[in-house]
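Colleague: What shape does this take:
(chains A and B)
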2 protein chains.
Amino acid sequence: MDIAVRLEELREKRNALTGTLGLVPTMGYLHDGHLSLVRVAKQQCDHVAASIYVNPTQFSPNEDLSNYPRDLERDLQLLENEGVDLVWTPRDSDMYPDHFQTWVEVGEITTLLEGSYRPTHFRGVTTVVAKLFLAVLPDVAVFGQKDAQQALVIQRMVKDLNFPIDIVVAPIVRESDGLAMSSRNTYLNAEQRKAALALSQSLREVEAAYQAGERDADTLRKRVLAVLNDEPLAQPQYVSIADPGTLEELHGEVTCALVSMAVYVGKTRLIDNMLLGGERPSA
Amino acid sequence: MDIAVRLEELREKRNALTGTLGLVPTMGYLHDGHLSLVRVAKQQCDHVAASIYVNPTQFSPNEDLSNYPRDLERDLQLLENEGVDLVWTPRDSDMYPDHFQTWVEVGEITTLLEGSYRPTHFRGVTTVVAKLFLAVLPDVAVFGQKDAQQALVIQRMVKDLNFPIDIVVAPIVRESDGLAMSSRNTYLNAEQRKAALALSQSLREVEAAYQAGERDADTLRKRVLAVLNDEPLAQPQYVSIADPGTLEELHGEVTCALVSMAVYVGKTRLIDNMLLGGERPSA
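Modeller: I've put the predicted structure just below:
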């Protein structure tokens, strides 16, 4: 497995790979969710590259950039075990050199849900992903459905700017008790870890209600909130029943919907989601 | 010479070209300035592609989008005569399909000079050029020094976002009497055409002053303005003596400077520039 830090190193090692290349962009502190993305990339391409970069521009000043968990040595071992060919671990100075001043911004769909609480988040995501794409030049890039809005925003960017890259979105990977895997789960103490189950529990309940025939968006939203409100340690920031393509909030009868939420458990902000009735749309 | 309209056509025809590819992005109504860019691309690359697209997003509502001169048939003939391999002539619906909402924006250096009078101009330029680059995937792209700030902004974007493309900036091509070639020169009537010589005349005078040892930025700026003010039909919008890298306005003693101006002659807005003392910087 080749490891590159500087852009020039990366380009050289990438150019040595012939055949198709799949990219898995990550912020490191890898878990089985990330590794599932690597496996999807491996199925679809001759070679797999991963990036490990905790991108400062997608964190707000009040967010957890400095505390974000890191374990590069373990990450590299995990990627090597999965048969990854090339890993890019750029430093901040490689990614944002002096005089850096160019941003890629997606419009409307970044202003809703996560974007409404994290106003500069998606600008940071789309800019760094554009840079990763242009550095690695993959044929396929794999993102997780865990960050449902992010996946949609990346698909929009790729289509709008003509990136010659297929975006593949892989399903959420959960712990055996239902908690969606996240590097941020490491912030939770034992009590909080248990309380965090309220998110996946609320999704299972809304799915059951939907399967039993409930189609009213406001009723479905209330079902999610009721489960979350039952857990004293869980503080919902938003609960959304939205159009899976536009992310606009739905009211009245729905056929398909993206159920998503952001919930604080202690100081840890967790997100989870589920698609009801239908396939994941692309941009 | 292959001509493509839809993105898929373009990709197919581009993929059929082996070896290196140079791109010359244009808004059509070609003159010898454009053709000089084609010749530079041809010198540097195995193949040359050109695009012809009057990009609406770089025009403000009060600008000349609907009147912008067009002559596709003549343009294609000129490009064929130069041995161009591939021309992309997208329609607006190919470039900005429904739900389009992604923009590439360069910061500080787009707020000065042209950007201060055309606040959404460079956002349109960088977005469409990013799209052209990602569609055509050239090794080299050639821009004219006539649009000095545009060339610098594109170089900044390419560096900041890791585009794997060499940007080449080719010298201004002038009519025999000194007028910088521009598709907009066609707007000028005979009297205005004569008055428009004030721009290049002012540059020759400031160059002579610089060569005679004048180094004070404010004095140099005044020399340009004096020539322009001598021409009753010329109405300067700005005259700038700026740092060629940052585009910040200079005062006091200068070693090298970008002299640039925008001047209305009638309703036609003309620009011109000259670099004093030194090479053109890159991002």
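
Colleague: all strands in the stretch 1-150 of chain A, in order from the N-terminus.
Modeller: Counting by DSSP state E, counting those that start in this stretch, one finds strands in the stretch 1-150 of chain A at the ranges A:2-4, A:21-26, A:47-52, A:86-88, A:102-106, A:140-144.

Colleague: can you redo the ones you listed as CSV with mean pLDDT?
Modeller: Shown next, in CSV, are those (pLDDT from 0 to 100):
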stretch, mean pLDDT
strand A:2-4, 98
strand A:21-26, 98
strand A:47-52, 98
strand A:86-88, 98
strand A:102-106, 98
strand A:140-144, 98
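
Colleague: What residue, apart from its backbone neighbours, is nearest the closest residue to chain B within the stretch 151-283 of chain A spatially?
Modeller: Here the residue of the stretch 151-283 of chain A nearest chain B is A:Asp160; by C-beta to the nearest C-beta that distance is 3.5 Å. Glycine gets a C-beta too; all of them are placed from N, C-alpha and C. Closest residue in space to A:Asp160, ignoring its immediate chain neighbours: B:Thr102 at 3.5 Å, by C-beta to C-beta, 6 or more residues apart in numbering or on different chains.

Colleague: Share the number of residues neighbouring that neighbour, please.
Modeller: By other C-beta atoms under 10 Å in any protein chain shown, 24 other residues sit near B:Thr102.

Colleague: Surely it is in contact with A:Val104?
Modeller: Yes. Assessed by C-beta atoms under 8 Å, B:Thr102 is found in contact with A:Val104 at 6.8 Å.

Colleague: Quick check: neighbours shared by these two?
Modeller: Common neighbours of B:Thr102 and A:Val104 (criterion: C-beta atoms under 8 Å, 6 or more residues apart in numbering or on different chains): A:126, A:157, A:161.

Colleague: mind listing what the first one touches?
Modeller: Going back to what we said before, that points to A:Thr126. With C-beta under 8 Å, 6+ apart, A:Thr126 has these contacts: A:103-106, A:110, A:153-154, A:157, B:102.

Colleague: farthest-separated two in those residues?
Modeller: A:Trp103 and A:Ile154 (15.1 Å; C-beta to C-beta).

Colleague: re the thing from before, name all residues that make contact with the residue of the stretch 151-283 of chain A closest to chain B.
Modeller: A:106, A:283, B:100-102, B:131.

Colleague: could I get those residues as TSV with distance to B:Val40?
Modeller: TSV is the format used below for those (distance: C-beta to C-beta, whole Å):
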residue	distance to B:Val40
A:Val106	34
A:Ala283	36
B:Phe100	32
B:Gln101	35
B:Thr102	30
B:Lys131	22
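
Colleague: between those, which is closest to B:Val84?
Modeller: Nearest to B:Val84 among the contacts of A:Asp160, with distances taken as C-beta to C-beta, is B:Lys131, at 19.7 Å.

Colleague: Now do the contacts for A:Leu225.
Modeller: A:202, A:236, A:239.

Colleague: Let's see that with 10 Å instead.
Modeller: Neighbour list for A:Leu225: A:202, A:206, A:236, A:238-239, A:261 [criterion: C-beta atoms under 10 Å, 6 or more residues apart in numbering or on different chains].

Colleague: Quick check: the two most widely separated of those?
Modeller: A:Val206 and A:Tyr238 (14.6 Å).

Colleague: who's more crowded, these two?
Modeller: A:Val206 (26 against 16).

Colleague: Going by secondary structure, that one is in what exactly?
Modeller: Element membership for A:Val206 (DSSP states H and E) is helix A:197-211.

Colleague: what element comes up after that helix heading to the C-terminus?
Modeller: Following helix A:197-211 toward the C-terminus (DSSP H and E): helix A:217-229.

Colleague: Pull out the buried positions in that following helix.
Modeller: Neighbour-count burial for helix A:217-229 flags A:217, A:220-225, A:227-228 (criterion: 16 or more other C-beta atoms under 10 Å in any protein chain shown).

Colleague: Show me how far the helix or strand following it is from its chain's centre.
Modeller: Going down the chain from helix A:217-229, the next helix or strand is strand A:234-242, by DSSP H and E. Offset of strand A:234-242 from its chain centre (C-alpha atoms, centre = their mean, to the nearest Å): 17 Å.

Colleague: How about stretch A:185-203?
Modeller: For stretch A:185-203, the distance to the chain centre is 18 Å (C-alpha atoms, centre = their mean).

Colleague: Over to stretch A:274-283?
Modeller: That offset, for stretch A:274-283, works out to 16 Å (C-alpha atoms, centre = their mean).

Colleague: Please state the mean pLDDT value computed over that stretch.
Modeller: Regarding stretch A:274-283, the rounded mean pLDDT is 84.

Colleague: tell me which residues of that stretch are tucked away?
Modeller: Applying 16+ other C-beta under 10 Å to stretch A:274-283 flags A:274-276, A:280, A:283 as buried.

Colleague: now, which of those lie within helices?
Modeller: Judged by DSSP state H, those include no members of helices.

Colleague: What is the least confident helix or strand in chain A by mean pLDDT packed up against?
Modeller: Lowest mean confidence among the helices and strands of chain A (mean pLDDT, DSSP states H and E): helix A:92-95, at a mean of 96. Using 3 or more C-beta pairs under 10 Å, 6 or more residues apart in numbering or on different chains; DSSP states H and E, the elements in contact with helix A:92-95 are helix A:7-15, helix A:121-136.
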